[in-house]
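1. sequence below, structure please.
(chains A and B)
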Amino acid sequence: MSFISMFDVLGPNMVGPSSSHTAGACSIALIARKMLGEPVRQVDFTLYGSFAKTYRGHGTDRALLGGIMGFSTDDERIPQAYALAGEQGVSYHFSYNHTETDLHPNTVDIKLTGAEGHAFSLRGESVGGGKIRISRINGIAVDFSGDYNTLIVVHKDRIGIAAHITRCLSEGMVNIAFMRLFREAKGDTAYSIVEYDGTLSTDVQQKIREKEDVNQVMVIPIQEEK
Amino acid sequence: MDFKNAAELLALCEKEKCPISEIMKRRECDLAETTNEELEARMRKALAIMRKSSTDPLTAPRRSVGGLLGGEARLVERHRQEGKSVCGNALSRAIAYAMGVLEVNSSMGLIVAAPTAGSSGVVPGVFLALQEEHGLSDEALLAALYNSSAVGFLAMRNATVAGAVGGCQAEVGVASAMAASGAVELMGGAPAQCLDAASTALMNLLGLVCDPVGGLVEYPCQYRNAIGAANAFTAAELALSGVKQLIPFDEMLAAMYQVGRRMSPELKETAMGGCAATPSGCAACEGCG
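-> Numbering: from 1, shown residues only, chains lettered A, B, ... in the order given. Reported below is the predicted structural model:
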């Protein structure tokens, strides 16, 4: 069982009205923004289930757009997200999918392109009380919570990559909370996702990147910002 | 230091000879690897947000996004100021504050989920009203918040605080239990009395369904926060008077969870039953979006 803090009970500090439909939506989009690592130029959101049905009354759309601009759940600019996106030159598009019903009821797909041309897609689920789960990256099924600092390594599905990552982490004195591997197909693109305690230096990131068959290293800092 | 249930929490209070708030603080420092200072700074920030969201709507009403709410807190406050309150000053204030927080929440303002956004008015409403009535310090209020977070933690750990899982009894019911326990410590009660009050508060809202009109966190949520505050006052009054509670908090929490799981899905946040399914409820939210 994961640790429940007194600030999970009295918190999050958030812009209303709903921890799942507003705060959770914002957190999913904020993770997407951090993964991109550069300002967002273009974003497409597809909302499913209850998100698609009640987004307007819950401000789900504004929370998503706010998260994409780097706002956290307690940022009081969220209600003005549309105007601010216009000012910041973020172009956005929302679609509402009412036909796919076998997903988690609070699901969103986010497709984004950054100012420097990087692009990727992500699926997030808001699972209650502001807690979230990222369930897809670029169409590949993954699973992480955003509760911990997270390292995502995109690489070829090859022998020795996981060992390389854990060696770099242990040499950098980084404690692994959870680690999971996901792949498209045998020998194809794979994702190693490590949720860890403490901080991960740029040296360690660089060391992970140096290995052949490692394509991309993304770090999503969560904890130090709380 | 950690505890899994109210019985262990009480045993720790007796062993360490300290209130529930202190045990909860020590647990947080141990397990979250934080310090008393960091923890206090964070809780002070939460208290500041609670105060602002409780009091702003008394003078500056806000219209909710769905359009079902706006101005209720100010009406209650004016009524009290005219000296016409049925409840007396403390309770009337608690109700106005609790409703104010929901007004802020439903208009996309900043609140502290306690334990959820839909039940965020109860805890601040009760504590801030008691502070004004009895001239209590912010330090005393912080202790009440730590205390209430212990009760909320047990509900999250051993049951649920999600309306979609357990109905409104899991949201406003738990918020009311948290507020009742904190209020007892605030007024000088012993740990056992705190948990008796929490048990009574939860008991009196057992079975309460989650039936938001239009699926929005507006109506009846705001009114339910008012009753959550009133219920916490009543439960604290009973415990502090020495009225015994037959059923310990752990058992009451298990009962709440069981009732919640047996509740039909129509009555758990789906907007298909209760208030949401009434002709007037349906008519009111045609334009809610």
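
2. out of everything not next to it in sequence, what's closest to B:Gly71?
-> In space, and not counting its chain neighbours, B:Gly71 is closest to B:Pro61: 3.9 Å by CB to CB, 6 or more residues apart in numbering or on different chains. Bear in mind the C-beta positions are built from the backbone N, C-alpha and C, glycine included.

3. quickly find the element holding the nearest residue to B:Glu133 once chain neighbours are set aside.
-> Leaving out its chain neighbours, the residue that sits closest to B:Glu133 by CB to CB, 6+ apart is B:Ala90, at 4.0 Å. Using DSSP states H and E, B:Ala90 sits within helix B:89-106.

4. quick one: mean pLDDT for that helix?
-> The average pLDDT for helix B:89-106 rounds to 98.

5. check stretch A:188-205 too.
-> 92.

6. got it, and stretch B:178-197?
-> 98.

7. gap between the two ends of that stretch?
-> By CA to CA, to the nearest Å, the extent of stretch B:178-197 from end to end equals 9 Å.

8. ok, now stretch B:155-174?
-> 7 Å.

9. and it, anywhere near chain A?
-> Yes - judged by CB under 8 Å from any CB of the partner chain, stretch B:155-174 and chain A are in contact via B:156-157, B:161-162, B:164-165.

10. is any part of stretch A:86-100 close to chain B?
-> No - using CB under 8 Å from any CB, stretch A:86-100 never reaches chain B; the gap is at least 11.9 Å.

11. before we move on, the earlier item: just the buried subset of the residues of stretch B:155-174 next to chain A, please.
-> With neighbours counted by 16 or more other CB atoms under 10 Å in any protein chain shown, those contain buried members at B:156, B:161-162, B:164-165.

12. as CSV, the residues you listed with pLDDT would be great.
-> As requested, these are exported to CSV (pLDDT from 0 to 100):
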residue, pLDDT
B:Met156, 95
B:Val161, 94
B:Ala162, 90
B:Ala164, 87
B:Val165, 89
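
13. mind listing which of those residues are in helices?
-> Among those, the ones falling in helices (DSSP state H) are B:156, B:164-165.

14. can you tell me which of those residues lies nearest to B:Gly242?
-> B:Gly242 has its nearest neighbour among these in B:Met156, at 30.0 Å by CB to CB.

15. list the contacts of that closest one.
-> Applying CB atoms under 8 Å, 6 or more residues apart in numbering or on different chains to B:Met156 gives the contacts A:4, A:8-9, B:115.

16. do B:Gln131 as well
-> B:138, B:140-141.

17. which of those residues count as buried?
-> Buried among those (16+ other CB under 10 Å): B:140-141.

18. what about the contacts of B:Gln131, which are in helices?
-> Those of those lying in helices (DSSP H): B:138, B:140-141.

19. name the surrounding residues that touch stretch B:17-26.
-> A:6, B:1, B:3, B:9, B:12-13, B:16, B:36, B:39, B:142-147, B:149-150, B:153, B:181, B:185, B:191, B:194-195.

20. pLDDT on that stretch, on average?
-> 98.

21. check stretch A:40-57 too.
-> Over the span of stretch A:40-57, the pLDDT mean works out to 93.

22. try stretch B:110-118
-> 96.

23. how long is that stretch from one end to the other?
-> 13 Å.

24. ok now it, how far from the chain's centre?
-> 9 Å (CA atoms, centre = their mean, to the nearest Å).

25. follow-up on the earlier one: among the buried ones among the residues of stretch B:155-174 next to chain A, which pair sits farthest apart?
-> Using CB to CB, the two most remote members of these are B:Met156 and B:Ala164, lying 14.3 Å apart.

26. and the helix or strand harbouring B:Asn147, how far from the chain's centre?
-> Using DSSP H and E, B:Asn147 falls within helix B:138-158. Centroid separation for helix B:138-158 versus its chain: 10 Å, with CA atoms, centre = their mean.

27. buried residues in it, which are they?
-> Buried residues in helix B:138-158, counted by 16+ other CB under 10 Å: B:140-156, B:158.

28. other residues contacting stretch A:165-180?
-> A:142-144, A:148, A:151, A:153, A:162, A:192-201, A:203-204, A:207-208.

29. looking at those residues, which are in helices?
-> Short answer: the contacts of stretch A:165-180 in helices (DSSP H) are A:162, A:203-204, A:207-208.

30. picking up where we left off before, who does the helix or strand following the helix holding B:Ala90 pair with, and is each partner parallel or antiparallel?
-> Per DSSP H and E, the first helix or strand lying C-terminal to helix B:89-106 is strand B:110-112. Next to strand B:110-112 in the sheet, as set by DSSP bridges, lie strand A:13-15 (antiparallel).
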